[in-house]
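[1] Fold the following, please.
(2 chains)
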Amino acid sequence: MATTRILHLSRIPPCLAVFLGLLNVFNSGNCDEQVPLILWTSEGISMPTQSPPTAGHIVGQQQLASYLEKALNVGPRNVVLFLQDKMSIEDFTMYGGAFGNKQDSVFPNLEGALRSSASSVVLPAVSWPASNAVIGQLQDQLETSPLYMDPETLSQLRLNASSPALLVFRLPYGIGADLMSAKEVLSGNDEVIGQVLSIMKTQAVPYTAIYTALRPSREAASLSLEAGVGGGRSLLQYRSPYKDRERERERQRRIKEKAGVYGPVEFKENENTCILLWAKGLSVSILRSGNWEDHDLTSSTFGEGASPKLHGSSCDKTKARLVLNYENVLGHRSFKLIFGMSQRYYKVSARRWFTLDIVELEYDGTKATFNGSRNIYAPAEYSYRCELVTSFRWPLLVPRSSKDPSNQWRVTFEDFQIQGFNVTGSDFSYASDCAGFFSPGIWMGLMTSLLMVLVLTYGLHMIMQLRTMDRFDDPKGPAISVPQTE
Amino acid sequence: MLLEWMMNGHAILYTGVTLAFWSTILIVGICYTIFDLGFRFDVAWFLTETSPFMWANLGIGLAISLSVVGAAWGIYITGSSIIGGGVKAPRIKTKNLVSIIFCEAVAIYGIIMAIVISNMAESFSGTTPETIGARNYQAGYSMFGAGLTVGFSNLFCGICVGIVGSGAALADAQNASLFVKILIVEIFGSAIGLFGVIVAILQTSKVKMGD
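    Sure, this is the predicted structure:
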């Protein structure tokens, strides 16, 4: 819904093409809501051209203030602000005739104004707390208080080119989700814009016009993360029961809401970063009286404001140990999550590999150990990354023994990346992913298909060399006679 | 001239298959090299991650199908000779059915081995190489090997017996006393099929699939 494709670019006048082209909003995957903002000056007045924001960029409050300041410093200081209740880019896509049907557009006056304007600024995505404050910003910059008007009162007003004025026209938006009413409302708003602009024209006062809204009319589409749950690939994927899936989806949604951009956990030894760890979600669960109780450790480990304690961590050339210390986890006063890695040279492949040998949970003197060396490995120069590392679903971590306390625990690391050796700077090296290109199923299929192709080739070869014997054919000679007796 | 040669069905088939095979290998190899992912090429991973059931069933399938190909080829060679020779010397037809029976025996070896091997396939409940266990892997590979053994032995045995039988039929048509001696040659040819069966039985003697 958010991407528009311009079909008949050649038939649209260039200014409008710029206007529509800038309305291309790519899904940034961000949950913030955005409101478009369009600014133009009256005919004959030009502002210095400002560089439009890059595609997909969401303009924040500061940047909006700078745009407005640049426009109002040079341009006319009479500002006509059309403030709609709600507006989103999708309204222009749906009703602006963006698919070559210019005749169905409900914004003829707006488009005409932009076309005839000497200069305009189009900001397709202004974060909506900022757009809400646009009146306040204009008020500050013009140092005048806003006048709420409608076209009738405007015709009675006498404007002066030298003194600044802020005229605000409130435009409604449809209440329900009824598409017809939204189209009519937008059409009505465009009429009002047309009237106001013609009145301003008769007054012959240069003005700057802004069209924006208080809040967005549509919520951003939410992405669904179905494919991520599976850790590696399996063609024989077992569908978990409904309740589990619901809980999983809830957790994914919560994690998506929190997923920001944060740096990895770094353990430094003598000013050099030694161990790096990053994850989108870290959680542990314990089985108590038949129920699994979870605890999410992500917020205490990653993100702003989280400073995990790394006492007890160590690293050297062959072993690395990262200890994350927490307090008050699932009723245990001190809780440690330990990652133990080692690297060595393997003769057969003639290179160094590192493995995540153990993931240990230490609490109240008890240690629950998971073994990960079987599945979690990567060449020593690279980091290891996996979409899902768990001890229960397609487990990459298994309890060390059947009597180990780790049988009562479950750990889940989502979008997990770790590196314990050969860390340069504070960035991860190339990430060796746990999901390969060919899965075992693909290999099996390829092998059997190859066999079938060989059989088919052989069969075709045989059939194609069947020939009818024509050695003794003699169409003109006598027919063969077979004697009746021996 | 080249076009005429290419219009030959065989040429198209062989060039097609060879091209497909080598280009797949070349492209996969180039991708591994360019992206420096050579470390991901892991034969042990392939052998432990592919299911033992695939190997077992390939063995069963190959056992019967290759044996039948051998038997069919032998019968078609011998049969056409008998029928052709029998036009002028009808007395050969009854005696030379023995050659056909030798060829058929090869197919019987094949089906018996296929049934024996398929009876050894049991289900197991492991999903990872550790839980599947070494015994199941050994079972899978043994069954594949046994199927291959009996299949290829019977394939060549059948062809051999067929060609010898064809010669025997035509010789018999010329001179009735030649047949008995030629039969000895056929018996030797048939023995090699039996060797294949014996070795396959030895291979699968220790197979125990299951939990």
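
[2] make it CA atoms for all contacts and neighbour counts henceforth
    Fine.

[3] The helix or strand bottoming out on mean pLDDT in chain B: what's the following helix or strand?
    Here the helix or strand of chain B ranked lowest by mean pLDDT, DSSP states H and E is helix B:2-6, holding a mean of 69. Once helix B:2-6 ends, the next helix or strand along the chain (criterion: DSSP states H and E) is helix B:9-34.

[4] wait, does that next one contact chain A?
    Yes: part of helix B:9-34 sits near chain A under the criterion Cα under 8 Å from any Cα of the partner chain, namely B:9, B:10, B:13, B:14, B:17.

[5] neighbouring contacts of stretch A:204-221?
    With Cα atoms under 8 Å, 6 or more residues apart in numbering or on different chains as the test, stretch A:204-221 has contacts from A:1, A:31-43, A:45, A:72, A:75-88, A:90, A:128-129, A:131-132, A:159-161, A:200.

[6] and after the lengthiest helix in chain B, which helix or strand comes next?
    Longest helix in chain B, counting residues (DSSP state H): helix B:134-174. In the C-terminal direction, the helix or strand that comes right after helix B:134-174 (DSSP H and E) is helix B:179-203.

[7] Outline the domain layout of chain B.
    Described in terms of the TED database, the domain architecture of chain B consists of the residue ranges B:1-40, B:42-202.

[8] Could you tell me the model confidence score at residue 169?
    Using chain A here. pLDDT recorded at residue A:169 is 85.

[9] switch to chain B, that's the one I care about
    Per-residue confidence (pLDDT) for residue B:169: 95.

[10] Okay, it and residue B:163: tell me how far apart.
    With distances taken as Cα to Cα, to the nearest Å, residue B:169 is found 10 Å from residue B:163.

[11] what sits in contact with each of the two?
    Counting by Cα under 8 Å, 6+ apart, the contacts common to residue B:169 and residue B:163 are residue B:78.

[12] For residue B:89, give me phi and psi.
    Backbone torsions of residue B:89, given as degrees, to the nearest 10, read phi -130, psi 80.

[13] Can you give me the neighbour number for residue B:115?
    Here the number of neighbours of residue B:115 (other Cα atoms under 10 Å in any protein chain shown) works out to 13.

[14] And for residue A:323?
    Residue A:323 has 23 neighbouring residues, counting by other Cα under 10 Å.

[15] and what of residue A:364?
    Using other Cα under 10 Å, residue A:364 is surrounded by 10 other residues.

[16] got the contact list for it?
    Residues touching residue A:364, when contacts are defined by Cα under 8 Å, 6+ apart, comprise A:332, A:333, A:334, A:335.

[17] Distance check, residue A:96 against chain B.
    Spatial separation of residue A:96 from chain B under the definition Cα to the nearest Cα, to the nearest Å is 46 Å.

[18] pLDDT score assigned to the spatially closest residue to that residue that is not a sequence neighbour?
    Using Cα to Cα, 6 or more residues apart in numbering or on different chains and skipping residues adjacent in sequence, the residue nearest residue A:96 is residue A:105, 4.3 Å away. Per-residue confidence at residue A:105 stands at 85 (pLDDT).

[19] Residues of chain B that sit close to chain A?
    B:9-10, B:13-14, B:17, B:39-40, B:46, B:49-50, B:54, B:87-90.

[20] And the strands in the stretch 351-486 of chain A?
    A:351-363, A:366-371, A:377-379, A:383-390, A:398-399, A:409-419, A:431-433 (DSSP state E, counting those that start in this stretch).

[21] do the second one and chain B meet?
    No: Strand A:366-371 stays clear of chain B (Cα under 8 Å from any Cα), getting no nearer than 13.0 Å.

[22] packing partners for that strand?
    The helices and strands touching strand A:366-371, judged by 3 or more Cα pairs under 8 Å, 6 or more residues apart in numbering or on different chains; DSSP states H and E, are strand A:351-363, strand A:398-399.

[23] Could you list the low-confidence segments of the chain?
    Chain wasn't specified; assuming chain A. Residues of chain A that meet the criterion pLDDT under 70 lie in A:1-32, A:131, A:174-180, A:219-248, A:251-260, A:486.

[24] oops, I was thinking of chain B
    Chain B contains residues with pLDDT under 70 at B:1-2, B:5.

[25] 90 instead, please
    Across chain B, the stretches falling below the confidence threshold (pLDDT under 90) are B:1-14, B:17, B:20-21, B:24, B:28, B:35-44, B:93, B:126-131, B:181-182, B:211.
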